[in-house]
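In: got a predicted model here, sequence first, then my questions.
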Amino acid sequence: MSAFWGVVRRDLLIARRQGGSSLLAVGFFVVVAALFPFAVGADPATLRGVAPGVIWVSALLATLLSLDRLFQADFEDGSLDVLALSPLPLFMTVLAKVLAHWLVVGLPLVIAAPLVGVLLNLPLAAFPVLLGAALLGTPALSLIGAIGAALTAGVRRGGVLVPLLVLPLYIPTLIFGVAATAAAADGLPVAEPLMLLASLTLMALVVAPVASAGALRLALG
Amino acid sequence: MSAFWGVVRRDLLIARRQGGSSLLAVGFFVVVAALFPFAVGADPATLRGVAPGVIWVSALLATLLSLDRLFQADFEDGSLDVLALSPLPLFMTVLAKVLAHWLVVGLPLVIAAPLVGVLLNLPLAAFPVLLGAALLGTPALSLIGAIGAALTAGVRRGGVLVPLLVLPLYIPTLIFGVAATAAAADGLPVAEPLMLLASLTLMALVVAPVASAGALRLALG
Amino acid sequence: MTVMSGWHRFANPTRFSRLSARILPWTLALTLVLFAAGLYLALVASPPDARQGETVRIMYLHVPAAWMALFVYVLLAVFSGMGYIWKHPLADIAAKNCAPIGAGFTLLALVTGSLWGAPMWGTWWEWGDARLTSFLILFFLYLGYIALWQVFEDPEKAARAAAILAMVGLINIPVIHFSVQWWHTLHQPASVFRAGGPTIDSSMLWPLFVMLGAFKAYFVTVLLWRIRAEVAERRVRALQMMQAEA
Amino acid sequence: MSNPAPTGLAVDDLSCRRGDHEVFAGLSCGAEAGGALVLRGPNGAGKSSLLRVLAGFIPPSAGTVRWKGEDIGDDPGAHRAVLHYVGHLDPLKPVLSAAENLTALARLMGGQILVVEALERFGIAHLRDLPVRFLSAGQRRRLNLARLVATPRPLWLLDEPTVALDARATAELEQLIADHRAAGGVVVAATHIGIEIPGAAVVELAGRRRRAA
Amino acid sequence: MSNPAPTGLAVDDLSCRRGDHEVFAGLSCGAEAGGALVLRGPNGAGKSSLLRVLAGFIPPSAGTVRWKGEDIGDDPGAHRAVLHYVGHLDPLKPVLSAAENLTALARLMGGQILVVEALERFGIAHLRDLPVRFLSAGQRRRLNLARLVATPRPLWLLDEPTVALDARATAELEQLIADHRAAGGVVVAATHIGIEIPGAAVVELAGRRRRAA
Ligand code: HEM
Ligand SMILES: Nc1ncnc2c1ncn2[C@@H]1O[C@H](COP(=O)(O)OP(=O)(O)OP(=O)(O)O)[C@@H](O)[C@H]1O
Ligand SMILES: Nc1ncnc2c1ncn2[C@@H]1O[C@H](COP(=O)(O)OP(=O)(O)OP(=O)(O)O)[C@@H](O)[C@H]1O
Ligand SMILES: [Mg+2]
Ligand SMILES: [Mg+2]
């Protein structure tokens, strides 16, 4: 177990030293969401209507953007070889890296979500649900994204491919996340989409580390 | 001059060999544009209203995503040292790399813009203006993006930093691009936003190569 | 004891080549016959729909294409799993060559669907419709799978990477199939493959099934043909390599 | 050597294929506890490939590798816990300091962690708190090699370990290898020149020349 | 050496500061046309830093570097057109073939382009059409060095050029350097061991020990 936390601590330390990866992801999240009123016009009614969607799409893009180098950096400097020699099974190493990534990027996004909600005129009543949905959904985004990052790790400039591979897999999370937020905004029941969101995350938790580990092994060969 | 085309040809060749950077950027463009209706709901009237905005935001993101490694790759493998020893002034080298990038990513985006227009229910009458605006605006996106890419070339994982630096600079292009497209969709005059778009691109053409060259020199030190 | 790995298996004529050579003419003939019969039944023999009129005939292309798109993806994932576990290159090649055909079916279903939608729903495309959009996602999945094969130089690695993606993507299939039940959509719910038996009139059901048979036969024919082409190509390369290393 | 003592590494009839190029075939060699193998051969002969096979990163296309009598393919988890692999690249993060890098790497490997000793051994203790991005090529290499000291493991696979090292550091590495072998460890090193490993068995890789395409 | 012939390189009272560390100071040396400088010193002594100053990548904190009598800071554009710099990294794109990489690099440098000769000279003509990602470390290095042949330039700055080379390739490089000097070129090479440059002036860099922070 200590090796697991070793991986987590290492990635957290690197993120901290690299100067605010969290800040950057959150910044991106907020900037993209803030671009929207510019792009679609400032009419408050329109804005309120599209708010849940815009929030989720920009959270998704922020995650995606920060993900493409999740394994690539370790591949390029040979750290992946060392990670593969840890006594930890490779899928646990992946899980540790994803956990660190979520702590650095996902969690700050969750915390920033209400701010973006305010920017986009989301009704106040929807805020608790938005927070809950984000908390349930962002781990799935990190986990699924890890598969794409692992598949392209050994491939030079494979990063460009990550969105194409991962976005289709993100759709269910996106749908249920938006559904929960929109339902809350309209005062409708939210239990069902939240449950579905949670089960997606659970599924990702089972599938993603194993799939990513399989993909990473290719990069070692 | 031959060294200038040497740089352009080299980058085009790499893009070709790397297997469809164009396809990937266009794919991303289309997928992101396709995500939005998903997220904001289906009402065709709403959709038509936000179409110009969505088209421009996703073109912008596609450019951004493909840009972050514009100089990073050359920095990491030492090619930047060689580029700096070319008889060409560094800002011309930057211009050559940006030109190659635009040919690989910007131009295909322009060509794909009508497709996204169809997906998003944009009125047919707006298509010629959309094409014209994209042709005028995308070079500015590549040029401005180059500044961010150059600034972060020396910094590991600077990729995440680029959006934050560059997105604010993109806002004017975004505003006039959307304005032109929306005006055309509503049958209003488009000359003014198109002119402004063109002058933004000209300005970027003057400022961006010099600014990027200065930033790159820091990465050499 | 040496198991010849990868490409070198293709240096020798495999059982597959002989077998497929024998099957191919039959599936080709079957394809032609079924298409002829199916098109006759669909366009001439079957009645126009009471509500939909003649446009209902699009159904005979749309529905089999949509079913095949889903079926081919599942098959692709199964082949991928076999290739991944048993490391048999033939399964990898089969999976790889399913993809373009499946993407073609998906595109056909999308195009016929929106052609049909224009008169039926008054719109080509409806974003809020979960069936439609999730089906578009299937198209993107196919594209991602094809792209992933392209970026690896080493076909064995490409096969394993693509297999992982294919198996993970399988999760989207039930989402697509059940989307009609989960969300109330424009698109009609399952009327053939449903608990409690089909609800379509047999005068339409028969042509539909014949067309489905035709699509299946076409798929088998094209798949076998593509696999043979790729195996032959790899065999040539393997022989060249063995010569070079001799 | 086809019947080596089960205390060390035994390579039997090993072949390696990368892409569609057969890098080497039918290779047999071995080293008992305390022994060493030196891999030699011209550029492209397959030294690095062999090391990656021994580490379990590349599955061999034929033949077996045994560590203490066990085929490494049977329990990859056990094998990866016994070895250190030092490749061409220094797996260091430029933003972390020397000590942080080494601690992080050692923690990944689990077990005992001797960071201070390791840094001192390679004469870079005074660089402890300097971010790695400021280190020279040789200083980075020393830091990378310090891993060998920081977490003791019995099997060392070294791919041209003396690259960028000055004479003093090379001598230190030679001493380290001697100590390691004296304690029963096994060393496999690929090298063109520049390092003395007394009593090591030399494996000459011929290199199959790839045909011009 | 403070008054060198204006046909070659002259370094006068040069200091270099990186970050807040003074790497070297008051360094003077030089080489006339046909001459060579070998930089020696322990890891971290400043060999690589000196080469980057000579290339014009790092501005010196004091002192001057002259090429044929002209201060290189006066017209950086002219200076960068006369030199080749071979650093630690191989500036090669893995997706391009060996020949494509070399052609692209040569084209960047402008002037004459001798790709085929260059590949043959380093014994990698048979790898011409192979993507670089499949090359071994030594094969990559050879390809990198082939730049020197592909576009002739008078001043060569080489940072540990023999890394990863086998004995044959090292001998070839020595011959290449000799030919270059015979034709009036100047070579500055940083190296620990492993290369013979007859008659080269040796510059010993002492290395100021950085204070433990
Ligand atoms: C672009 C638009 C459309 C798309 C993407 C689409 C997609 C699909 C898919 C994926 C299926 C297979 C469902 C399954 O077996 O799980 C299907 C079946 C079907 N579609 Fe569509 N469709 C579209 C438009 C239409 C329209 C306009 C109609 C007619 C009003 C229609 C009628 C049907 C029928 C009758 C079935 C068979 C249902 C069954 O028995 O399972 N579709 N479609
Ligand atoms: N950007 C920087 N900021 C601060 N110090 C630096 C920087 N770059 C290098 N140094 C320090 O300068 C010194 C000289 O480094 P340099 O790379 O020139 O050494 P070298 O002689 O090439 O060593 P080696 O033989 O290991 O390659 C080292 O002590 C290094 O730590
Ligand atoms: N993925 C690959 N696909 C095809 N061929 C490869 C691949 N990787 C390496 N090779 C080839 O395998 C051969 C052996 O490479 P390897 O790196 O093992 O050589 P090496 O002995 O370490 O050489 P060097 O002394 O240059 O480091 C080389 O000819 C190389 O071109
Ligand atoms: Mg090697
Ligand atoms: Mg150095």
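Out: Thanks, I have it. Ligands and ions are numbered 1, 2, ... in the order given.
In: just grab the bridge partners of the closest residue to D:Arg66 other than its chain neighbours for me.
Out: Excluding the flanking residues, the one nearest D:Arg66 by Cβ to Cβ, 6 or more residues apart in numbering or on different chains is D:Ala10, at 4.4 Å. The way it works is simple: take the backbone N, C-alpha and C, and place the C-beta from them, glycine included. Assessed by DSSP bridges, D:Ala10 has beta-bridge partners D:Gly30, D:Arg66.
In: right, and D:Ala10 touches D:Gly30 too?
Out: Yes. Between D:Ala10 and D:Gly30 there is a contact under Cβ atoms under 8 Å: 4.1 Å.
In: regarding the chain, what is its longest helix?
Out: Just going to use chain A. In chain A, with assignment by DSSP state H, the single longest helix is helix A:191-220.
In: was after chain D, sorry
Out: Chain D, longest helix under DSSP H: helix D:167-182.
In: so which bits of that helix are buried?
Out: By neighbour count on 16 or more other Cβ atoms under 10 Å in any protein chain shown, the buried set for helix D:167-182 is D:169-170, D:172-174, D:176-178, D:180-181.
In: can you redo those residues as JSON lines with pLDDT and distance to C:Ala147?
Out: Converted to JSON lines, these look like this (pLDDT from 0 to 100; distance: Cβ to Cβ, whole Å):
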{"residue": "D:Ala169", "pLDDT": "92", "distance to C:Ala147": "46"}
{"residue": "D:Thr170", "pLDDT": "93", "distance to C:Ala147": "47"}
{"residue": "D:Glu172", "pLDDT": "93", "distance to C:Ala147": "49"}
{"residue": "D:Leu173", "pLDDT": "95", "distance to C:Ala147": "45"}
{"residue": "D:Glu174", "pLDDT": "94", "distance to C:Ala147": "49"}
{"residue": "D:Leu176", "pLDDT": "95", "distance to C:Ala147": "47"}
{"residue": "D:Ile177", "pLDDT": "96", "distance to C:Ala147": "46"}
{"residue": "D:Ala178", "pLDDT": "95", "distance to C:Ala147": "52"}
{"residue": "D:His180", "pLDDT": "96", "distance to C:Ala147": "47"}
{"residue": "D:Arg181", "pLDDT": "96", "distance to C:Ala147": "49"}
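In: off-centre distance for the helix or strand of chain A with the lowest mean pLDDT?
Out: Across the helices and strands of chain A, mean confidence by mean pLDDT, DSSP states H and E is lowest for helix A:21-40: a mean of 72. Here helix A:21-40 is found 15 Å from its chain centre; the criterion is Cα atoms, centre = their mean, to the nearest Å.
In: so it, near chain C or not?
Out: No. Counting by Cβ under 8 Å from any Cβ of the partner chain, no contacts exist between helix A:21-40 and chain C, the nearest distance being 15.3 Å.
In: so which elements touch that helix?
Out: helix A:44-67, helix A:107-119, helix B:44-67, helix B:161-185 (3 or more Cβ pairs under 8 Å, 6 or more residues apart in numbering or on different chains; DSSP states H and E).
In: angle of the shortest one against helix A:21-40?
Out: In this structure, helix A:107-119 runs at an angle of 30 degrees to helix A:21-40, with axes from the mean of the first three to the mean of the last three Cα atoms, to 10 degrees as the basis.
In: who's in contact with helix A:107-119?
Out: A:22-23, A:25-26, A:29-30, A:33-34, A:37, A:51, A:54-55, A:58-59, A:62-63, A:126-127, A:130-131, A:134-135, A:138 (Cβ atoms under 8 Å, 6 or more residues apart in numbering or on different chains).
In: the helix or strand harbouring A:Ala146 close to chain D?
Out: When secondary structure is defined by DSSP states H and E, A:Ala146 falls within helix A:127-151. No. Helix A:127-151 lies apart from chain D when judged by Cβ under 8 Å from any Cβ; the minimum separation is 15.5 Å.
In: in that helix, what's buried?
Out: Neighbour-count burial for helix A:127-151, counted by 16+ other Cβ under 10 Å, picks out A:127, A:129-151.
In: with stretch D:85-101 instead?
Out: For stretch D:85-101, by 16+ other Cβ under 10 Å, it's D:85-87, D:89-101.
In: just how off-centre is that stretch within its chain?
Out: 15 Å.
In: can you tell me if it touches ligand 3.
Out: No. Counting by Cβ under 6 Å from any ligand atom, ligand 3 has no neighbours in stretch D:85-101; the shortest distance is 7.7 Å.
In: tell me the domain boundaries of chain D?
Out: Taking automatic domain parsing as the criterion, chain D consists of the domains D:1-82+D:155-168+D:184-213, D:89-153.
In: worst mean pLDDT among the ones you listed?
Out: Per-stretch mean pLDDT for the domains of chain D is lowest at domain D:1-82+D:155-168+D:184-213 (a mean of 87).
In: tell me if stretch D:129-148 is near chain E.
Out: Yes. Contact of stretch D:129-148 with chain E (Cβ under 8 Å from any Cβ) involves D:129-130, D:134-139, D:141-142.
In: wait, I meant stretch D:75-87
Out: No. Using Cβ under 8 Å from any Cβ, stretch D:75-87 never reaches chain E; the gap is at least 9.4 Å.
In: ok, back up a step: any idea which of the domains of chain D is most buried?
Out: domain D:89-153 (a mean of 21; mean count of other Cβ atoms under 10 Å in any protein chain shown).
In: from the chain's centroid, how far away is that one?
Out: 16 Å.
In: is ligand 5 contacted by it?
Out: Yes. Judged by Cβ under 5 Å from the ion, domain D:89-153 comes into contact with ligand 5 through D:136-137.
In: before we move on, back to that, check the buried residues of stretch D:85-101 one by one and keep those near chain A.
Out: Okay, of the buried residues of stretch D:85-101 touching chain A (Cβ under 8 Å from any Cβ), that's D:85, D:87, D:89-93, D:95-96, D:100.
In: mind checking which of the residues you listed are in helices?
Out: D:Glu100.
In: need the ones next to chain A among the buried residues of stretch D:85-101 in CSV with distance to E:Ala78, can you?
Out: Formatted as CSV, those follow (distance: Cβ to Cβ, whole Å):
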residue, distance to E:Ala78
D:Tyr85, 47
D:Gly87, 41
D:Leu89, 36
D:Asp90, 36
D:Pro91, 41
D:Leu92, 37
D:Lys93, 39
D:Val95, 37
D:Leu96, 40
D:Glu100, 44
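In: closest to ligand 3 among the ones next to chain A among the buried residues of stretch D:85-101?
Out: D:Gly87 (10.1 Å; Cβ to the nearest ligand atom).
In: and chain D, which of its residues are near ligand 3?
Out: When proximity is defined by Cβ under 6 Å from any ligand atom, chain D lies next to ligand 3 at D:18-19, D:21, D:23, D:41, D:43-49, D:210.
In: would you format those as JSON lines with distance to chain A and secondary structure included?
Out: Below are these laid out as JSON lines (distance: Cβ to the nearest Cβ, whole Å; DSSP: H, G, I helix; E, B strand; the rest coil):
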{"residue": "D:Arg18", "distance to chain A": "8", "secondary structure": "strand"}
{"residue": "D:Gly19", "distance to chain A": "10", "secondary structure": "coil"}
{"residue": "D:His21", "distance to chain A": "14", "secondary structure": "strand"}
{"residue": "D:Val23", "distance to chain A": "12", "secondary structure": "strand"}
{"residue": "D:Gly41", "distance to chain A": "21", "secondary structure": "coil"}
{"residue": "D:Asn43", "distance to chain A": "20", "secondary structure": "coil"}
{"residue": "D:Gly44", "distance to chain A": "18", "secondary structure": "coil"}
{"residue": "D:Ala45", "distance to chain A": "19", "secondary structure": "coil"}
{"residue": "D:Gly46", "distance to chain A": "15", "secondary structure": "coil"}
{"residue": "D:Lys47", "distance to chain A": "16", "secondary structure": "helix"}
{"residue": "D:Ser48", "distance to chain A": "12", "secondary structure": "helix"}
{"residue": "D:Ser49", "distance to chain A": "10", "secondary structure": "helix"}
{"residue": "D:Arg210", "distance to chain A": "19", "secondary structure": "coil"}
